[in-house]
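*Asks:* predicted model follows, preceded by the sequence.
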Amino acid sequence: MTTPGPLPADQPRVRIRIDLAYDGTDFSGWAAQPGLRTVEWEVSAALGTILRTDPVRLTVGGRTDAGVHARGSVAHADIDPAAWAGLPGRSDRLPQEAAVTRLAGVLPADIVVRAVTEVADAFDARFSALRRRYTYRICDRPSTLDPLRRRDTVLHKKALDVAAMDEAARGLTGLHDFAAFCKKREGATTVRTLLGYSWARGADGILIGSVVADAFCHSMVRALVGSVIPVGEGQYAAGWPAEILTAGVRDPRVTVMPAHGLCLEEVVYPPDEELAERAEQARATRTLP
């Protein structure tokens, strides 16, 4: 397996947006890796198959780890115009309509492409995004766990106080350095704006955490979830996660929660006329005031 390269700079192209969902259970994450089954490689190869080209290079709005799911993932790709125009064959469908149908015929059952659309050259699935929203599912009543949801719901054997977790979560919102909740990468900032973080118990008794930010760093969401679990168990007060945040270093008492409870629900973009400006802002290194 080779990583797909970009089209030559002087070659005409059509930029497409791909909206997709997947069950992450059997994938080694989004990013293509030699010898491993990944979402990126499956979609890239499928696009190459229907376009009759080499595998297509993709840029994604949210790179998920192994086992993490997505209902609202977004990627973009630059396509050869002739290959794109030829997708409908002899039918009177538009290329974007034909793309959805034909991808359904070659993709595995754990990936579904919702829509394929032509977009402006300024659209960048990663850097144009205004915010990403994830959810996390926990069952703290073992006898009520739905076995049909075992792939996307984490079983927690101790009862949790969802009101305390919600209070703790809301104390982490705002512009901060989230180094205490991220796996650091050389040269990468850990400053993020956490736009929303809340917890509620659904009618079925499942605890649902909702986490929204302009962007996330590696393992951030699962560590944020892990920071409020001890509060829900009554081990610490609601202000404890904020203390961890302020300390700015990884704390062994914060567990990075299992991947399968996490789902990328949504990636939100600005209007077309604001795409380029947003991408420029996102590429700038974020710092605290």
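*Replies:* Here it is on my side, so go on. Numbers count the residues shown, from 1 in each chain.
*Asks:* got a list of contacts for stretch 109-123?
*Replies:* For stretch 109-123, contacts defined as CB atoms under 8 Å, 6 or more residues apart in numbering pick out 14-23, 25-27, 39, 42-43, 76, 95-96, 99-100, 103-104, 107, 128, 269, 272, 275-276, 279. All C-beta spots, glycine's among them, are computed from the backbone N, C-alpha and C.
*Asks:* cross the residues you listed against helices and list the overlap.
*Replies:* Secondary structure defined by DSSP state H assigns Val39, Glu42, Val43, Pro95, Gln96, Ala99, Val100, Leu103, Ala104, Leu275, Ala276, Ala279 of those to helices.
*Asks:* which of those residues count as buried?
*Replies:* Buried members of those, scored by 16 or more other CB atoms under 10 Å, are Val39, Glu42, Val43, Pro95, Gln96, Ala99, Val100, Leu103, Leu275, Ala276, Ala279.
*Asks:* out of the residues you listed, who's nearest Thr135?
*Replies:* Among those, Val39 lies closest to Thr135 (CB to CB), at 18.2 Å.
*Asks:* how near is the closest one to Ala179?
*Replies:* Distance check for Val39 against Ala179: by CB to CB, to the nearest Å, it reads 28 Å.
*Asks:* same question, Gly86
*Replies:* 49 Å.
*Asks:* again with Ala242
*Replies:* In terms of CB to CB, Ala242 sits 14 Å off from Ala179.
*Asks:* can you list the buried ones among the ones in helices among the contacts of stretch 109-123 in JSON lines and add distance to Arg286 and pLDDT?
*Replies:* As requested, those are exported to JSON lines (distance: CB to CB, whole Å; pLDDT from 0 to 100):
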{"residue": "Val39", "distance to Arg286": "27", "pLDDT": "98"}
{"residue": "Glu42", "distance to Arg286": "32", "pLDDT": "98"}
{"residue": "Val43", "distance to Arg286": "29", "pLDDT": "98"}
{"residue": "Pro95", "distance to Arg286": "37", "pLDDT": "96"}
{"residue": "Gln96", "distance to Arg286": "34", "pLDDT": "96"}
{"residue": "Ala99", "distance to Arg286": "35", "pLDDT": "98"}
{"residue": "Val100", "distance to Arg286": "36", "pLDDT": "98"}
{"residue": "Leu103", "distance to Arg286": "35", "pLDDT": "98"}
{"residue": "Leu275", "distance to Arg286": "19", "pLDDT": "94"}
{"residue": "Ala276", "distance to Arg286": "19", "pLDDT": "92"}
{"residue": "Ala279", "distance to Arg286": "14", "pLDDT": "93"}
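*Asks:* tabulate the residues you listed (CSV), appending distance to His156.
*Replies:* Compiled in CSV, these are given as follows (distance: CB to CB, whole Å):
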residue, distance to His156
Val39, 27
Glu42, 32
Val43, 33
Pro95, 47
Gln96, 43
Ala99, 41
Val100, 38
Leu103, 37
Leu275, 41
Ala276, 44
Ala279, 39
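*Asks:* farthest pair within those?
*Replies:* Applying CB to CB across these, the maximum distance is between Glu42 and Ala276, 30.4 Å.
*Asks:* mind listing the strands for the protein?
*Replies:* 14-22, 59-60, 69-79, 111-118, 131-139, 154-155, 174-177, 191-201, 207-213, 262-268 (DSSP state E).
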